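Asks: Provided below are the primary sequence and the corresponding predicted coordinates.
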2 protein chains.
Amino acid sequence: MSPSAIEPQAIADTQAAAFIDRLSVNGVETRRLKAPKIGQGVAAHASSDMFKSLGYGKPKAKRWDHRLSEEARSRKLSPLKSAANYLSTPGLISLGGGLPSSEYFPFEWLDVKVPAPPHFSEYATKELGIVKRIGKYDITDGKSIYDLHVALNYGQATGSAQLLRFITEHTEIVNHPPYDDWQCTMTVGNASSLEIALRMLTTRGDYILTENYTFCSAIETALPLGLKCVGIPMDSEGIIADALDSILDKWDPSAHNKASKPWLLYTIPTGQNPTGSTQSEERRKEIYKVAQKHDLYIIEDEPYYYLQMQPYTGPSSPDVPPPSSHEDFLRQLVPSYLSMDTDGRVMRLDSFSKVIAPGTRTGWITASEQIVERFVRHSEVAIQNPGGISQIILFKLLDETWGHAGYLEWLINLRMEYTGRRNTICEACERWLPQEVAEWSPPMAGMFLWIRILWHKHPAASTKTALEIEEEIFQAGIERGVLIAKGSWSRAEPDAEPSPDDDMFFRLTFAAASSEAIQEAVQRAGETLRVMFGLISDDGGEGEVKEAEKVVQNGRK
Amino acid sequence: MSPSAIEPQAIADTQAAAFIDRLSVNGVETRRLKAPKIGQGVAAHASSDMFKSLGYGKPKAKRWDHRLSEEARSRKLSPLKSAANYLSTPGLISLGGGLPSSEYFPFEWLDVKVPAPPHFSEYATKELGIVKRIGKYDITDGKSIYDLHVALNYGQATGSAQLLRFITEHTEIVNHPPYDDWQCTMTVGNASSLEIALRMLTTRGDYILTENYTFCSAIETALPLGLKCVGIPMDSEGIIADALDSILDKWDPSAHNKASKPWLLYTIPTGQNPTGSTQSEERRKEIYKVAQKHDLYIIEDEPYYYLQMQPYTGPSSPDVPPPSSHEDFLRQLVPSYLSMDTDGRVMRLDSFSKVIAPGTRTGWITASEQIVERFVRHSEVAIQNPGGISQIILFKLLDETWGHAGYLEWLINLRMEYTGRRNTICEACERWLPQEVAEWSPPMAGMFLWIRILWHKHPAASTKTALEIEEEIFQAGIERGVLIAKGSWSRAEPDAEPSPDDDMFFRLTFAAASSEAIQEAVQRAGETLRVMFGLISDDGGEGEVKEAEKVVQNGRK
């Protein structure tokens, strides 16, 4: 951000090679050795510019001044924060800021026990795990570049330099953004990132573009801001590019409360919530082209990006061997929008929630400098930054213990674990669900299996609406001891009139339940469907209920 | 919130006594024994209603429907969250939510070393501190009611039941709110709480009432939302009630962009930032009366509430002895607005930032059920909740190690520490500042000393504005090696025309610097003022600058 902070000329002259090359895991050490020293003090300024490759020859991002909301445009740098520039004056004593003294932080140290790669299981960690100490004055004591005295005090809205470095490097290793002025800044998770992004980029009355089934919390974030979602038709690879293009080509303000053509696309490209769909590389390129044609800004929300799995081979075929190396693993990931974002029209939302733990409440965004700067100004007077205890524990784990190589090992391990879970639920569905009325595709990423119910085959299809039958199936599932999420909870346009052409879906999560519980739950769901569709009782009515009760008893045995 | 969750009838019948009494530290244990068991599971529902006194005979809070913003009014309960009600169904297997498995949280345990009351110093903690282990499955193992498997997963926007219980009890012990339906909910700190409160309670174009010098981040939070602050005149006890009343009585929309009379008062009653002023009990009562007359809603932002100090006796008089007991300590605290809020027209913002550590990013609000419910809905699609690692570390420290008694001991210790710091800076000011041009009152709370500069005595007072002279003094201070905050940074109405009647102030923080640094900094500030006001050089101009340079050299020796 501030060029003087990283002395670009000096770097350009002497260290160019390390910064021009595409960053790889093995290149991190060299890069760090040659980079300027990072600020370690309390609330030290940090920017991805200190840690990322120089973008020789890469284009600068587009400006988005015409898209920023009045709120976002009017944010100013705090005068107190501007005054922080003087703090580097030699000998200066500051009685300016309102930071408390670390003397009164009632923690001497934290110890944390974490897995030693590649032994990631809970059992292996018990036997072989590594204990790391986080002391209060480790920086002064020369033991670390980060300590409790810094982490427990106020910090910058970007997050600490120490963790931001790891995050920036990781983002570059995975995505290699093709424009020059990209940056990362930390967040308290993607829910908050989306909320901030919407407030920065939209105004009450706007329409935004989303998958036609999308994360219900995203809809609930948008609606109270006075936004409406336009659901884009999807297939098994998510948003259909032609459908997106067509909706925009044909946009008629008079049919949309006089709202002008939407230009903000919110998408979950990988392991989408709720549909489990993953956009292929080809699909992403098509959508990016549509975005260029209509000057869209894309928010890619990627909590499940690293939950991409091995191909599904079915119960009777051998498993596909795991990635053979870090490079092989990275190659097998579907390229992100960020990795193809030559224009700087993408804000990528990343989070540790699904790959480390939700309770860290730590994530980050990657976007162009202009957008990140406005995001940081917003955060300064809102969330401020992720908790310092979370940041230092993540730093200790990711940077000091695992390193980038260990973290990729962890992600490969997660990939294989989720592959196993996905296989379990797919096999259970094949065994237990009535395929006359239920269809699904094995997901390639994420936590969700999305089941289409052929509700027109329901005995009451001619007298009841899809929403009524969906609710009946949901309640019958509860009675039979299984809770599965209704697809209609995730409709992008919940107020749209129900139509006889409506599809019906249920979402099954395979992230948390044990293999046995998944089997049992899917069996109960299958029985529910069979009863509801009259497949296991031909006397209907009374008999059906009795049959159902019997099955419940069995189901709960 | 949900009456069934706490079985009120059962409580009323058998446990009434423990819940009707005013809660004291000693009453907590009995109360807990008699209270229903709290939910300990992942993302278990929690509400202060589970932990607080029943409000027999107390009035219900006023409704604020007429004050909620369109955004706040339109928030809905997430369908997925509603579905969580089914999770208590016996035998139910949920494939509904998107929670990851704790199996993949790469932390086996955390150890944390904390002070053993009353031995709170860093040195004493090294010798006598207590080490507490936080295991992943302590709940299953019967070792604790809170563990990493819960803390590291998603949680409720209220915060965890385990920590919310402590916070609710603490709030009640200190404040005993005089209405029935008060509740607490956790936040990520007061900056975020204020941002949420403003979005809930205001609309672009509104005016809000603040101290005429106020926390500059609060102004920066309000301005981009399209809000304007009306600064209320203050004296040494903060906002002047009559002035507030008069501004409201005389409000003329045509003089305020047609805005209707403001009704939201944002105040920092104790150790106010930046003025250090503390509203007396009498003053608070007067202001509350004005609030009732004009139907104001009060946001009391109280980060410094527990940094109330012993009376200042000056360098030559003996210190006032510390509080003799917990009750004595609590009695000496100025009563909060919450404690006199018979109408439910107060949202109190509390934070651990100044009393434990800012890096916890954990605070809470207390307000009426209606307001808390809307706040929780907002948080669910924004900040979600404070980080689980912070929550469990605070629980381990406050609930399992210190208890309420130990925490009050800690707060008494802080009181005495801040008293010492306040005394140091006041004595330094008395020694080093030129009292011909600088005036101040010893603060009774907080981190800030507020110095009025009699700028009309400045040699250039007739040719320069107050803002110009303030900037010159600020810069001269930097050159002499001391940074003090300009009062104008905190003006509630920064765009108001400068007037010759304007006061000039500087804010000195005594929270963090060592005693020696405070002495040195105040000496430099004093020299700066003497030079700028021509008090230590009678040749002016050139000579003044040379004198200044000499002092800088000395100052930096």
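Replies: Good, I have the coordinates. Worth saying up front: this structure is predicted, and the values here are computed from it rather than measured.

Asks: pLDDT weak spots in chain A?
Replies: A:1-21, A:537-557 (pLDDT under 70).

Asks: Could you point out the helix or strand that follows the lengthiest helix in it?
Replies: In chain A, assigned by DSSP state H, the helix with the most residues is helix A:403-432. Heading C-terminal from helix A:403-432, the first helix or strand you meet, by DSSP states H and E, is strand A:438-439.

Asks: Quick check: which helices or strands does that following strand pack against?
Replies: strand A:448-453 (3 or more C-beta pairs under 8 Å, 6 or more residues apart in numbering or on different chains; DSSP states H and E). Every C-beta, even on glycine, is put in place using the N, C-alpha and C of the backbone.

Asks: and the angle for the strand it packs on with helix A:403-432?
Replies: Angle of strand A:448-453 versus helix A:403-432, following axes from the mean of the first three to the mean of the last three C-alpha atoms, to 10 degrees, is 20 degrees.

Asks: Quickly run through the sheet partners of strand A:448-453, with directions.
Replies: strand A:438-439 (antiparallel), strand A:504-509 (antiparallel) (DSSP bridges).

Asks: With residue A:185 as the reference, name the closest of these.
Replies: Closest approach to residue A:185 among those (C-beta to C-beta): strand A:504-509, 30.1 Å.

Asks: how far is the closest one from where the chain is centred?
Replies: Taking C-alpha atoms, centre = their mean, to the nearest Å, the mean C-alpha location of strand A:504-509 is offset from the chain mean by 20 Å.

Asks: Give me the contacts around that strand.
Replies: A:213, A:274-276, A:425, A:429, A:447-453, A:455, A:466, A:469-470, A:473-474, A:484-488, A:490, A:521-522, A:525, B:94-99 (C-beta atoms under 8 Å, 6 or more residues apart in numbering or on different chains).

Asks: Moving along the chain from the one helix or strand residue A:230 maps to, name the first helix or strand you hit.
Replies: Using DSSP H and E, residue A:230 sits in strand A:228-232. Sequence order places strand A:234-235 as the next helix or strand after strand A:228-232, per DSSP H and E.

Asks: Mind listing the strands that next one pairs with, and their directions?
Replies: Taking DSSP bridges as the criterion, strand A:234-235 forms sheet pairs with strand A:238-239 (antiparallel).

Asks: got the angle between the helix or strand following the strand it pairs with and strand A:228-232?
Replies: Per DSSP H and E, the first helix or strand lying C-terminal to strand A:238-239 is helix A:241-249. Going by the same axes, to 10 degrees, helix A:241-249 is angled at 140 degrees with respect to strand A:228-232.

Asks: Only C-alpha atoms, please: export helix A:241-249 in CSV.
Replies: The C-alpha coordinates for helix A:241-249 follow below in CSV (Å, rounded to 0.1, in the frame of the first residue of the first chain):
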residue,chain,number,x,y,z
ALA,A,241,-23.2,-19.0,-18.0
ASP,A,242,-25.7,-18.5,-20.9
ALA,A,243,-28.5,-18.2,-18.4
LEU,A,244,-26.6,-15.5,-16.6
ASP,A,245,-25.8,-13.7,-19.8
SER,A,246,-29.4,-13.9,-21.0
ILE,A,247,-30.8,-12.5,-17.7
LEU,A,248,-28.5,-9.6,-18.0
ASP,A,249,-29.1,-9.0,-21.7
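
Asks: Summarise which helices and strands the next helix or strand after it is packed against.
Replies: For helix A:241-249, the following helix or strand on the C-terminal side (DSSP H and E) is strand A:264-267. Under the contact definition 3+ C-beta pairs under 8 Å, 6+ apart, strand A:264-267 sits against strand A:207-211, helix A:281-294, strand A:297-301.

Asks: Show residues contacting strand A:264-267.
Replies: Residues from elsewhere that reach strand A:264-267 (C-beta under 8 Å, 6+ apart): A:67, A:194, A:201-202, A:206, A:208-211, A:214, A:218, A:238-239, A:244, A:279, A:287, A:291, A:296-301.

Asks: Narrow these to just the buried residues.
Replies: Among those, the ones that count as buried by 16 or more other C-beta atoms under 10 Å in any protein chain shown are A:67, A:194, A:201-202, A:206, A:208-211, A:214, A:218, A:238-239, A:244, A:279, A:287, A:291, A:296-301.
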